[in-house]
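**Student:** Curious how this folds, go ahead:
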Amino acid sequence: MLFNSYTFIFLFLPFVLFGYYALGKIKREFALAFLLFAGFFFYGYFEIDFLPLLISSILINFSFSRIIVNISQKSLKKFVFILSILFNIGLLSYYKYADFLISIFNDLGANFNFLHLVLPLGISFFTITQLLYLWDLYLGIAKEENLLNYSIFVSFFPHLLSGPILFPREMFEQIRNIKIEPIAENFAKGFAFFSIGLFKKVIIADSLVPYVNFGFSSPSDTSFIMAWLVAVSYFLELFFDFSGYTDMALGVSKMLNFNIPINFNSPLRSTSIAQFWQRWHISLTQSLTSAIYMPLVKFFGKPSFLKSALASSVTLFIVGIWHGAGYGFVIFALLHSVALFVFQLWKKYRPFNLYKPIAHFLTLFFITISLVFFRAETVDAALILLNNMFFGDIMLPARLSNILSDFNLHFTSGNVAGLLSWPAFLTAVFIVAFSPPSQKIVKNLTPKSYALAALFSAMFIASVLKLNSFSVFLYFQF
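**Tutor:** Down below sits the predicted model:
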(Lines give C-alpha, C1' and ligand atoms only; values in the text may rest on other atoms or scores of the structure.)
Protein backbone atom coordinates (compact mmCIF):
# COMPACT_ATOMS: atom_id res chain seq x y z
CA MET A 1 0.00 0.00 0.00
CA LEU A 2 1.43 3.33 -1.04
CA PHE A 3 1.27 6.53 0.99
CA ASN A 4 0.47 8.33 -2.27
CA SER A 5 -2.75 6.44 -2.95
CA TYR A 6 -6.45 7.05 -2.33
CA THR A 7 -6.64 3.73 -0.49
CA PHE A 8 -4.09 4.79 2.11
CA ILE A 9 -5.15 8.42 2.48
CA PHE A 10 -8.92 7.99 2.62
CA LEU A 11 -9.39 4.41 3.88
CA PHE A 12 -6.43 2.81 5.65
CA LEU A 13 -5.08 5.82 7.58
CA PRO A 14 -8.47 7.05 8.90
CA PHE A 15 -9.40 3.48 9.87
CA VAL A 16 -6.10 2.96 11.72
CA LEU A 17 -6.35 6.27 13.56
CA PHE A 18 -9.95 5.64 14.58
CA GLY A 19 -9.32 2.04 15.65
CA TYR A 20 -6.10 2.88 17.49
CA TYR A 21 -7.60 5.65 19.60
CA ALA A 22 -10.96 3.92 20.10
CA LEU A 23 -9.29 0.76 21.41
CA GLY A 24 -6.93 2.88 23.50
CA LYS A 25 -9.93 4.06 25.52
CA ILE A 26 -10.78 0.46 26.32
CA LYS A 27 -7.35 -1.00 27.03
CA ARG A 28 -3.84 0.05 26.14
CA GLU A 29 -2.77 -3.43 25.01
CA PHE A 30 -5.72 -3.59 22.58
CA ALA A 31 -4.54 -0.43 20.85
CA LEU A 32 -0.96 -1.65 20.61
CA ALA A 33 -2.10 -5.03 19.26
CA PHE A 34 -4.20 -3.17 16.68
CA LEU A 35 -1.14 -1.13 15.68
CA LEU A 36 0.79 -4.38 15.18
CA PHE A 37 -2.03 -5.80 13.07
CA ALA A 38 -2.05 -2.60 11.01
CA GLY A 39 1.68 -3.02 10.32
CA PHE A 40 1.23 -6.61 9.14
CA PHE A 41 -1.78 -5.68 7.02
CA PHE A 42 0.06 -2.72 5.50
CA TYR A 43 3.00 -4.93 4.54
CA GLY A 44 0.87 -7.83 3.38
CA TYR A 45 -1.36 -5.59 1.26
CA PHE A 46 1.67 -4.71 -0.84
CA GLU A 47 3.46 -8.07 -0.77
CA ILE A 48 1.48 -10.86 0.89
CA ASP A 49 3.99 -13.54 -0.18
CA PHE A 50 6.69 -12.01 2.00
CA LEU A 51 4.58 -11.40 5.11
CA PRO A 52 5.66 -14.80 6.54
CA LEU A 53 9.28 -13.69 6.03
CA LEU A 54 8.71 -10.53 8.08
CA ILE A 55 6.95 -12.46 10.86
CA SER A 56 9.62 -15.17 10.87
CA SER A 57 12.37 -12.56 11.05
CA ILE A 58 10.66 -10.98 14.04
CA LEU A 59 10.20 -14.29 15.90
CA ILE A 60 13.73 -15.55 15.23
CA ASN A 61 15.38 -12.26 16.24
CA PHE A 62 13.18 -12.00 19.31
CA SER A 63 14.36 -15.48 20.28
CA PHE A 64 17.96 -14.37 19.79
CA SER A 65 17.31 -11.38 22.04
CA ARG A 66 15.91 -13.57 24.82
CA ILE A 67 18.87 -15.94 24.63
CA ILE A 68 21.39 -13.07 24.72
CA VAL A 69 19.71 -11.58 27.79
CA ASN A 70 19.46 -14.83 29.70
CA ILE A 71 22.98 -16.12 29.07
CA SER A 72 25.50 -15.09 31.70
CA GLN A 73 28.59 -16.72 30.21
CA LYS A 74 30.35 -14.08 28.10
CA SER A 75 31.81 -16.41 25.49
CA LEU A 76 28.47 -18.12 24.87
CA LYS A 77 26.66 -14.77 24.79
CA LYS A 78 29.14 -13.54 22.18
CA PHE A 79 28.66 -16.71 20.14
CA VAL A 80 24.86 -16.28 20.07
CA PHE A 81 25.26 -12.60 19.18
CA ILE A 82 27.56 -13.44 16.26
CA LEU A 83 25.09 -16.11 15.19
CA SER A 84 22.28 -13.52 15.17
CA ILE A 85 24.42 -11.19 13.04
CA LEU A 86 25.19 -13.98 10.58
CA PHE A 87 21.51 -14.86 10.34
CA ASN A 88 20.43 -11.30 9.55
CA ILE A 89 23.31 -10.46 7.22
CA GLY A 90 22.85 -13.83 5.53
CA LEU A 91 19.12 -13.27 5.03
CA LEU A 92 19.68 -9.79 3.63
CA SER A 93 22.59 -10.91 1.43
CA TYR A 94 20.66 -13.87 0.06
CA TYR A 95 17.80 -11.78 -1.25
CA LYS A 96 19.79 -8.69 -2.14
CA TYR A 97 23.15 -9.88 -3.40
CA ALA A 98 22.91 -13.57 -4.39
CA ASP A 99 22.22 -12.97 -8.08
CA PHE A 100 24.86 -10.23 -8.23
CA LEU A 101 27.48 -12.56 -6.75
CA ILE A 102 26.47 -15.22 -9.27
CA SER A 103 26.91 -12.68 -12.09
CA ILE A 104 30.43 -11.89 -10.81
CA PHE A 105 31.39 -15.57 -10.80
CA ASN A 106 29.88 -16.01 -14.25
CA ASP A 107 31.89 -13.04 -15.52
CA LEU A 108 34.98 -14.83 -14.22
CA GLY A 109 34.15 -17.96 -16.22
CA ALA A 110 31.62 -19.88 -14.14
CA ASN A 111 28.22 -20.94 -15.44
CA PHE A 112 25.85 -20.77 -12.48
CA ASN A 113 22.11 -20.38 -12.95
CA PHE A 114 20.58 -17.16 -11.60
CA LEU A 115 18.11 -17.47 -8.74
CA HIS A 116 15.99 -14.56 -10.03
CA LEU A 117 15.07 -13.59 -6.49
CA VAL A 118 12.54 -10.86 -5.82
CA LEU A 119 13.77 -8.41 -3.18
CA PRO A 120 11.24 -8.33 -0.32
CA LEU A 121 10.11 -4.77 0.33
CA GLY A 122 11.58 -3.21 3.42
CA ILE A 123 13.99 -6.07 4.17
CA SER A 124 16.95 -3.69 4.46
CA PHE A 125 15.08 -1.53 6.96
CA PHE A 126 13.54 -4.18 9.19
CA THR A 127 16.81 -6.14 9.20
CA ILE A 128 19.02 -3.20 10.22
CA THR A 129 16.44 -2.13 12.81
CA GLN A 130 16.64 -5.54 14.48
CA LEU A 131 20.44 -5.70 14.26
CA LEU A 132 20.64 -2.38 16.09
CA TYR A 133 18.48 -3.75 18.90
CA LEU A 134 20.56 -6.93 19.20
CA TRP A 135 23.74 -4.81 19.24
CA ASP A 136 22.40 -2.56 22.00
CA LEU A 137 21.19 -5.59 23.92
CA TYR A 138 24.59 -7.28 23.67
CA LEU A 139 26.31 -4.13 24.91
CA GLY A 140 23.88 -3.95 27.81
CA ILE A 141 22.46 -0.53 26.89
CA ALA A 142 19.01 -1.78 25.90
CA LYS A 143 16.34 -3.47 27.97
CA GLU A 144 14.63 -6.77 27.33
CA GLU A 145 11.24 -6.24 25.67
CA ASN A 146 8.11 -8.31 25.46
CA LEU A 147 7.05 -9.79 22.12
CA LEU A 148 4.27 -7.26 21.51
CA ASN A 149 6.50 -4.22 21.96
CA TYR A 150 9.28 -5.81 19.93
CA SER A 151 6.95 -6.69 17.06
CA ILE A 152 5.53 -3.16 16.95
CA PHE A 153 9.08 -1.77 16.91
CA VAL A 154 9.98 -3.83 13.84
CA SER A 155 6.68 -3.63 11.92
CA PHE A 156 5.74 -0.01 12.68
CA PHE A 157 4.09 0.65 9.34
CA PRO A 158 5.07 4.30 8.70
CA HIS A 159 8.76 3.37 8.53
CA LEU A 160 8.49 -0.26 7.40
CA LEU A 161 9.11 0.04 3.66
CA SER A 162 11.55 2.94 3.29
CA GLY A 163 12.62 4.03 6.74
CA PRO A 164 13.78 6.01 8.50
CA ILE A 165 15.63 3.40 10.51
CA LEU A 166 14.31 3.35 14.07
CA PHE A 167 16.67 3.57 17.04
CA PRO A 168 15.76 0.90 19.63
CA ARG A 169 16.09 2.78 22.92
CA GLU A 170 14.15 5.85 21.75
CA MET A 171 11.41 3.83 20.06
CA PHE A 172 10.89 1.34 22.88
CA GLU A 173 10.64 4.14 25.40
CA GLN A 174 7.88 5.68 23.29
CA ILE A 175 6.03 2.37 22.92
CA ARG A 176 6.12 1.80 26.67
CA ASN A 177 4.94 5.31 27.52
CA ILE A 178 2.89 6.38 24.48
CA LYS A 179 -0.18 8.45 25.21
CA ILE A 180 -3.00 6.77 23.29
CA GLU A 181 -5.41 9.64 22.87
CA PRO A 182 -5.84 12.20 20.06
CA ILE A 183 -3.71 15.34 20.45
CA ALA A 184 -4.75 18.24 18.25
CA GLU A 185 -1.24 19.66 17.95
CA ASN A 186 0.15 16.33 16.80
CA PHE A 187 -2.61 15.95 14.24
CA ALA A 188 -1.91 19.43 12.87
CA LYS A 189 1.83 18.85 12.64
CA GLY A 190 1.27 15.36 11.27
CA PHE A 191 -0.98 16.72 8.52
CA ALA A 192 1.63 19.38 7.73
CA PHE A 193 4.41 16.79 7.41
CA PHE A 194 2.21 14.52 5.32
CA SER A 195 1.14 17.34 2.98
CA ILE A 196 4.74 18.46 2.44
CA GLY A 197 5.84 14.91 1.72
CA LEU A 198 2.93 14.19 -0.60
CA PHE A 199 3.65 17.40 -2.52
CA LYS A 200 7.32 16.49 -2.84
CA LYS A 201 6.49 13.06 -4.19
CA VAL A 202 3.50 13.70 -6.43
CA ILE A 203 4.00 17.24 -7.70
CA ILE A 204 7.81 17.38 -7.95
CA ALA A 205 9.45 13.93 -8.02
CA ASP A 206 6.85 12.19 -10.18
CA SER A 207 6.85 15.08 -12.65
CA LEU A 208 10.56 14.53 -13.27
CA VAL A 209 10.25 10.76 -13.75
CA PRO A 210 9.40 10.67 -17.51
CA TYR A 211 12.32 12.92 -18.39
CA VAL A 212 14.77 11.01 -16.19
CA ASN A 213 13.58 7.65 -17.53
CA PHE A 214 13.94 8.87 -21.11
CA GLY A 215 17.46 10.14 -20.55
CA PHE A 216 18.72 7.00 -18.80
CA SER A 217 16.98 4.59 -21.16
CA SER A 218 18.43 6.37 -24.23
CA PRO A 219 21.70 7.91 -23.03
CA SER A 220 23.17 7.98 -26.53
CA ASP A 221 20.33 10.29 -27.64
CA THR A 222 21.28 13.01 -25.18
CA SER A 223 23.19 16.14 -26.03
CA PHE A 224 25.55 17.98 -23.67
CA ILE A 225 22.75 20.13 -22.21
CA MET A 226 20.24 17.34 -22.00
CA ALA A 227 22.69 14.92 -20.35
CA TRP A 228 23.36 17.40 -17.55
CA LEU A 229 19.65 18.16 -17.12
CA VAL A 230 18.89 14.44 -16.95
CA ALA A 231 21.57 13.87 -14.28
CA VAL A 232 20.51 16.89 -12.21
CA SER A 233 16.83 15.96 -12.59
CA TYR A 234 17.55 12.49 -11.22
CA PHE A 235 19.38 13.97 -8.23
CA LEU A 236 16.33 16.14 -7.55
CA GLU A 237 13.90 13.28 -8.17
CA LEU A 238 15.76 11.02 -5.75
CA PHE A 239 15.87 13.69 -3.04
CA PHE A 240 12.22 14.74 -3.30
CA ASP A 241 11.00 11.16 -3.64
CA PHE A 242 12.89 9.82 -0.62
CA SER A 243 12.53 12.89 1.59
CA GLY A 244 8.87 13.00 0.58
CA TYR A 245 8.38 9.46 1.88
CA THR A 246 10.19 10.36 5.10
CA ASP A 247 8.03 13.44 5.63
CA MET A 248 4.88 11.38 5.16
CA ALA A 249 6.21 8.75 7.57
CA LEU A 250 6.95 11.49 10.10
CA GLY A 251 3.44 12.85 9.60
CA VAL A 252 1.65 9.55 10.08
CA SER A 253 3.80 8.75 13.12
CA LYS A 254 3.02 12.15 14.60
CA MET A 255 -0.71 11.51 14.22
CA LEU A 256 -0.16 8.34 16.26
CA ASN A 257 1.79 10.39 18.86
CA PHE A 258 5.12 8.83 17.88
CA ASN A 259 8.29 10.71 16.99
CA ILE A 260 10.58 8.92 14.56
CA PRO A 261 14.05 10.09 13.45
CA ILE A 262 14.56 12.96 11.04
CA ASN A 263 16.20 11.61 7.89
CA PHE A 264 17.13 14.77 5.95
CA ASN A 265 18.50 18.17 6.86
CA SER A 266 18.96 20.19 3.65
CA PRO A 267 21.59 17.80 2.25
CA LEU A 268 21.80 19.61 -1.09
CA ARG A 269 23.29 22.61 0.70
CA SER A 270 26.27 20.59 1.89
CA THR A 271 29.77 21.91 1.33
CA SER A 272 31.58 18.55 1.65
CA ILE A 273 30.94 14.87 1.10
CA ALA A 274 31.14 14.30 4.86
CA GLN A 275 28.50 16.94 5.51
CA PHE A 276 26.31 15.50 2.78
CA TRP A 277 26.14 12.10 4.47
CA GLN A 278 25.54 13.75 7.82
CA ARG A 279 22.44 15.33 6.26
CA TRP A 280 21.25 12.63 3.82
CA HIS A 281 19.59 9.43 5.08
CA ILE A 282 20.70 10.45 8.55
CA SER A 283 19.27 7.39 10.30
CA LEU A 284 21.31 5.03 8.10
CA THR A 285 24.52 7.03 8.51
CA GLN A 286 24.12 7.19 12.29
CA SER A 287 23.24 3.49 12.51
CA LEU A 288 26.24 2.28 10.53
CA THR A 289 28.52 4.76 12.30
CA SER A 290 27.70 3.18 15.65
CA ALA A 291 27.58 -0.40 14.33
CA ILE A 292 30.57 -0.34 11.94
CA TYR A 293 32.73 2.77 12.29
CA MET A 294 33.13 2.66 16.08
CA PRO A 295 33.95 -1.08 16.20
CA LEU A 296 36.43 -0.61 13.34
CA VAL A 297 38.19 2.20 15.18
CA LYS A 298 38.50 -0.02 18.25
CA PHE A 299 39.63 -2.96 16.11
CA PHE A 300 42.47 -0.90 14.60
CA GLY A 301 43.89 -0.33 18.07
CA LYS A 302 45.65 2.89 18.96
CA PRO A 303 43.72 5.71 17.26
CA SER A 304 45.34 7.75 14.52
CA PHE A 305 44.23 9.99 11.70
CA LEU A 306 44.90 7.35 9.05
CA LYS A 307 43.00 4.64 10.92
CA SER A 308 40.05 6.92 11.55
CA ALA A 309 39.96 8.04 7.91
CA LEU A 310 40.15 4.44 6.73
CA ALA A 311 37.33 3.39 9.09
CA SER A 312 35.20 6.28 7.81
CA SER A 313 35.82 5.32 4.19
CA VAL A 314 35.01 1.66 4.82
CA THR A 315 31.80 2.66 6.59
CA LEU A 316 30.78 4.94 3.75
CA PHE A 317 31.53 2.19 1.22
CA ILE A 318 29.14 -0.09 3.12
CA VAL A 319 26.57 2.71 3.18
CA GLY A 320 26.90 2.95 -0.59
CA ILE A 321 26.77 -0.76 -1.35
CA TRP A 322 23.82 -1.15 1.06
CA HIS A 323 21.67 0.56 -1.57
CA GLY A 324 21.80 -2.28 -4.03
CA ALA A 325 23.59 -5.07 -5.88
CA GLY A 326 25.30 -4.25 -9.15
CA TYR A 327 28.51 -2.89 -10.54
CA GLY A 328 27.00 0.60 -10.66
CA PHE A 329 26.37 0.53 -6.89
CA VAL A 330 29.91 -0.72 -6.28
CA ILE A 331 31.34 2.16 -8.32
CA PHE A 332 29.05 4.61 -6.51
CA ALA A 333 30.20 3.27 -3.14
CA LEU A 334 33.88 3.38 -4.13
CA LEU A 335 33.61 6.93 -5.43
CA HIS A 336 32.08 8.16 -2.19
CA SER A 337 34.48 6.29 0.07
CA VAL A 338 37.49 7.61 -1.84
CA ALA A 339 36.01 11.13 -1.90
CA LEU A 340 35.56 11.02 1.88
CA PHE A 341 39.17 9.89 2.36
CA VAL A 342 40.43 12.69 0.10
CA PHE A 343 38.28 15.22 1.94
CA GLN A 344 39.64 14.12 5.30
CA LEU A 345 43.20 14.47 3.99
CA TRP A 346 42.41 17.93 2.68
CA LYS A 347 40.74 18.90 5.96
CA LYS A 348 43.77 17.78 7.97
CA TYR A 349 46.44 19.45 5.86
CA ARG A 350 44.32 22.17 4.19
CA PRO A 351 46.83 23.42 1.58
CA PHE A 352 44.51 26.30 0.74
CA ASN A 353 41.15 27.75 1.77
CA LEU A 354 38.10 26.89 -0.28
CA TYR A 355 35.27 29.40 -0.39
CA LYS A 356 31.91 27.94 0.61
CA PRO A 357 30.20 28.56 -2.77
CA ILE A 358 33.00 26.69 -4.52
CA ALA A 359 32.95 23.86 -1.96
CA HIS A 360 29.17 23.65 -2.36
CA PHE A 361 29.43 23.50 -6.15
CA LEU A 362 32.17 20.84 -6.09
CA THR A 363 30.18 18.70 -3.64
CA LEU A 364 27.01 18.75 -5.74
CA PHE A 365 29.04 18.32 -8.94
CA PHE A 366 30.67 15.17 -7.58
CA ILE A 367 27.41 13.70 -6.22
CA THR A 368 25.57 14.37 -9.48
CA ILE A 369 28.24 12.47 -11.41
CA SER A 370 28.31 9.57 -8.94
CA LEU A 371 24.52 9.23 -9.10
CA VAL A 372 24.75 8.49 -12.81
CA PHE A 373 26.27 5.11 -11.87
CA PHE A 374 23.65 4.77 -9.12
CA ARG A 375 20.76 5.19 -11.57
CA ALA A 376 21.97 3.82 -14.90
CA GLU A 377 20.85 0.32 -15.84
CA THR A 378 24.40 -0.67 -16.78
CA VAL A 379 27.88 0.75 -16.34
CA ASP A 380 28.12 1.16 -20.12
CA ALA A 381 24.95 3.27 -20.12
CA ALA A 382 26.38 5.40 -17.30
CA LEU A 383 29.61 5.95 -19.25
CA ILE A 384 27.68 6.98 -22.35
CA LEU A 385 25.70 9.58 -20.42
CA LEU A 386 28.83 10.83 -18.66
CA ASN A 387 30.60 11.08 -22.01
CA ASN A 388 27.79 13.30 -23.29
CA MET A 389 27.91 15.35 -20.07
CA PHE A 390 31.54 16.24 -20.75
CA PHE A 391 32.07 15.78 -24.47
CA GLY A 392 28.59 15.87 -26.00
CA ASP A 393 27.44 18.27 -28.67
CA ILE A 394 26.37 21.62 -27.31
CA MET A 395 23.04 22.17 -29.02
CA LEU A 396 20.34 24.64 -28.17
CA PRO A 397 16.93 23.02 -27.69
CA ALA A 398 14.63 23.00 -30.69
CA ARG A 399 11.92 25.68 -30.90
CA LEU A 400 13.45 28.06 -28.41
CA SER A 401 10.40 30.33 -28.62
CA ASN A 402 8.16 27.53 -27.39
CA ILE A 403 10.44 26.94 -24.44
CA LEU A 404 10.02 30.48 -23.25
CA SER A 405 6.29 30.48 -23.80
CA ASP A 406 5.21 27.23 -22.16
CA PHE A 407 8.20 26.33 -19.92
CA ASN A 408 8.60 22.98 -21.67
CA LEU A 409 12.03 22.02 -22.92
CA HIS A 410 12.09 19.78 -25.98
CA PHE A 411 15.03 17.76 -27.17
CA THR A 412 14.72 15.82 -30.39
CA SER A 413 16.89 13.04 -31.71
CA GLY A 414 15.41 11.26 -34.69
CA ASN A 415 11.91 10.20 -33.72
CA VAL A 416 12.57 10.36 -29.98
CA ALA A 417 11.60 13.34 -27.83
CA GLY A 418 12.23 14.01 -24.19
CA LEU A 419 10.17 16.48 -22.20
CA LEU A 420 11.28 18.20 -19.02
CA SER A 421 8.65 19.59 -16.65
CA TRP A 422 10.13 23.01 -16.04
CA PRO A 423 7.62 24.02 -13.32
CA ALA A 424 8.60 20.95 -11.27
CA PHE A 425 12.30 21.41 -11.99
CA LEU A 426 12.36 25.10 -11.07
CA THR A 427 10.20 24.52 -7.97
CA ALA A 428 12.63 21.82 -6.87
CA VAL A 429 15.62 24.11 -7.36
CA PHE A 430 13.88 26.94 -5.48
CA ILE A 431 13.04 24.68 -2.52
CA VAL A 432 16.57 23.29 -2.39
CA ALA A 433 18.09 26.77 -2.51
CA PHE A 434 15.79 28.73 -0.21
CA SER A 435 13.32 26.62 1.79
CA PRO A 436 14.18 25.44 5.31
CA PRO A 437 13.91 21.68 5.94
CA SER A 438 10.46 20.26 6.58
CA GLN A 439 11.05 19.69 10.29
CA LYS A 440 11.92 23.35 10.83
CA ILE A 441 8.78 24.51 9.00
CA VAL A 442 6.55 22.19 11.02
CA LYS A 443 8.29 23.04 14.29
CA ASN A 444 7.33 26.69 13.85
CA LEU A 445 3.68 25.80 13.26
CA THR A 446 1.32 27.37 15.82
CA PRO A 447 -2.50 27.49 16.18
CA LYS A 448 -2.37 30.96 14.62
CA SER A 449 -0.27 29.99 11.60
CA TYR A 450 -3.18 30.58 9.23
CA ALA A 451 -1.01 31.20 6.17
CA LEU A 452 0.94 27.98 6.69
CA ALA A 453 -2.28 26.06 7.31
CA ALA A 454 -3.67 27.36 4.02
CA LEU A 455 -0.43 26.46 2.25
CA PHE A 456 -0.41 22.90 3.58
CA SER A 457 -4.07 22.47 2.64
CA ALA A 458 -3.38 23.73 -0.88
CA MET A 459 -0.40 21.38 -1.21
CA PHE A 460 -2.51 18.45 -0.02
CA ILE A 461 -5.41 19.22 -2.38
CA ALA A 462 -3.13 19.79 -5.37
CA SER A 463 -1.33 16.50 -4.70
CA VAL A 464 -4.53 14.51 -4.22
CA LEU A 465 -5.97 15.90 -7.46
CA LYS A 466 -2.88 14.63 -9.28
CA LEU A 467 -3.12 11.09 -7.92
CA ASN A 468 -4.19 9.74 -11.29
CA SER A 469 -1.43 7.14 -11.22
CA PHE A 470 0.42 5.71 -8.25
CA SER A 471 4.18 5.38 -8.55
CA VAL A 472 6.25 3.48 -6.01
CA PHE A 473 8.94 5.20 -4.01
CA LEU A 474 12.49 4.86 -5.31
CA TYR A 475 13.87 3.51 -2.04
CA PHE A 476 11.49 0.55 -2.18
CA GLN A 477 14.08 -1.09 -4.48
CA PHE A 478 16.93 -0.55 -2.04
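**Student:** C-alpha only now, for contacts and for neighbours.
**Tutor:** Fine.
**Student:** From Leu296, how far out is the spatially closest residue to Ile71 that is not a sequence neighbour?
**Tutor:** Sequence neighbours aside, Lys77 is the residue nearest to Ile71 in space, at 5.8 Å (criterion: C-alpha to C-alpha, 6 or more residues apart in numbering). Distance, Lys77 to Leu296, using C-alpha to C-alpha, to the nearest Å: 21 Å.
**Student:** still on that earlier bit, residues in contact with the residue nearest to Ile71?
**Tutor:** For Lys77, the contacting residues are Ile67, Ile68, Ile71, Tyr138, by C-alpha atoms under 8 Å, 6 or more residues apart in numbering.
**Student:** can you do 10 Å?
**Tutor:** Lys77 makes contact with Ile67, Ile68, Val69, Asn70, Ile71, Leu83, Tyr138, according to C-alpha atoms under 10 Å, 6 or more residues apart in numbering.
**Student:** Let me know the secondary structure of it.
**Tutor:** On the three-state scheme (DSSP: H, G, I helix; E, B strand; the rest coil), Lys77 is labelled helix.
**Student:** Pop out the phi and psi values for Phe264.
**Tutor:** With angles defined as degrees, to the nearest 10, Phe264 sits at phi -140, psi 140.
**Student:** Need the per-residue pLDDT for the residue nearest to Ile71.
**Tutor:** Here, the pLDDT recorded for Lys77 equals 91.
**Student:** and if you look at Val154?
**Tutor:** Confidence score, pLDDT, at Val154: 95.
**Student:** Pretty sure Thr127 is one of the things it touches, is it not?
**Tutor:** Yes. Look at Val154 against Thr127 with C-alpha atoms under 10 Å: they come within range, at 8.6 Å.
**Student:** Those two: who's more crowded?
**Tutor:** With neighbours defined as other C-alpha atoms under 10 Å, Val154 and Thr127 compare such that Val154 has more, 27 against 22.
**Student:** Excluding covalently adjacent residues, which one is nearest to the more buried one?
**Tutor:** In space, and not counting its chain neighbours, Val154 is closest to Phe126: 5.9 Å by C-alpha to C-alpha, 6+ apart.
**Student:** Would you tell me what helix or strand that neighbour is located in?
**Tutor:** helix 123-139 (DSSP states H and E).
**Student:** Could I get the buried residue list for that helix?
**Tutor:** The neighbour-count check on helix 123-139 (16 or more other C-alpha atoms under 10 Å) flags 123-138 as buried.
**Student:** chain center to the next helix or strand after that helix, what's the gap?
**Tutor:** Going down the chain from helix 123-139, the next helix or strand is helix 147-155, by DSSP H and E. With C-alpha atoms, centre = their mean, to the nearest Å as the basis, helix 147-155 stands 21 Å off its chain's centre.
**Student:** Quick one: list the elements packing against helix 147-155.
**Tutor:** Secondary-structure packing of helix 147-155 (3 or more C-alpha pairs under 10 Å, 6 or more residues apart in numbering; DSSP states H and E): helix 28-47, helix 51-70, helix 123-139, helix 168-177.
**Student:** With respect to Lys307, which of those helices lies nearest?
**Tutor:** Distance to Lys307, taken as C-alpha to C-alpha, is lowest for helix 123-139 among these, at 23.0 Å.
**Student:** quick revisit: with distance to Tyr211 added, can I get the helices and strands packed on helix 147-155 in JSON lines?
**Tutor:** Shown next, in JSON lines, are these (distance: least, C-alpha to C-alpha, whole Å):
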{"stretch": "helix 28-47", "distance to Tyr211": "27"}
{"stretch": "helix 51-70", "distance to Tyr211": "35"}
{"stretch": "helix 123-139", "distance to Tyr211": "29"}
{"stretch": "helix 168-177", "distance to Tyr211": "40"}
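**Student:** Domain ranges for the protein, per the record?
**Tutor:** As recorded under automatic domain parsing, the domains making up the chain are 6-182, 186-477.
**Student:** Kindly calculate the angle that the helix holding Phe126 makes with helix 168-177.
**Tutor:** 90 degrees (axes from the mean of the first three to the mean of the last three C-alpha atoms, to 10 degrees).
**Student:** for the chain, what spans make up the strands?
**Tutor:** Counting by DSSP state E, the chain has strands at residues 408-413, 416-421.
**Student:** Which of the ones you listed comes out lowest on mean pLDDT?
**Tutor:** Taking the mean pLDDT of the strands of the chain, strand 408-413 comes last: a mean of 40.
**Student:** on that earlier part again, need the least confident one among the domains of the chain, by mean pLDDT.
**Tutor:** Note on the domains of the chain: domain 186-477 shows the lowest mean pLDDT, a mean of 86.
**Student:** How far away from the center of its chain is it?
**Tutor:** 10 Å.
**Student:** re the thing from before, which pair in the buried residues of helix 123-139 spans the largest distance?
**Tutor:** Maximum pairwise distance in these, criterion C-alpha to C-alpha, is 22.2 Å, between Ile123 and Tyr138.
**Student:** one step back: most tightly surrounded among the helices and strands packed on helix 147-155?
**Tutor:** helix 123-139 (a mean of 22; mean count of other C-alpha atoms under 10 Å).
**Student:** So which elements touch that one?
**Tutor:** Using 3+ C-alpha pairs under 10 Å, 6+ apart: helix 123-139 touches helix 51-70, helix 74-107, helix 147-155, helix 168-177, helix 282-288.
**Student:** relative to helix 51-70, how tilted is it?
**Tutor:** Going by the same axes, to 10 degrees, helix 123-139 makes 10 degrees with helix 51-70.
**Student:** Give me the angle between helix 123-139 and helix 147-155.
**Tutor:** Using the same axes, to 10 degrees: helix 123-139 against helix 147-155 is 130 degrees.
**Student:** And helix 123-139, how far out from the chain middle?
**Tutor:** For helix 123-139, the separation from the chain centroid amounts to 17 Å (computed by C-alpha atoms, centre = their mean).
**Student:** hang on, the earlier thing: which residues are in contact with each of Val154 and Thr127?
**Tutor:** Residues touching both Val154 and Thr127 (C-alpha under 10 Å, 6+ apart) are Leu54, Ser57, Ile58, Ile165.
**Student:** Out of the residues you listed, which is nearest to Phe373?
**Tutor:** Ile165 (24.8 Å).
**Student:** Look up how far Ser218 lies from that closest one.
**Tutor:** From Ile165 across to Ser218, the span is 35 Å (C-alpha to C-alpha).
**Student:** Also Leu32?
**Tutor:** 50 Å.
**Student:** Same check on Ser84?
**Tutor:** Distance from Ser84 to Ser218, by C-alpha to C-alpha: 44 Å.
**Student:** That's all I had, so thanks and see you.
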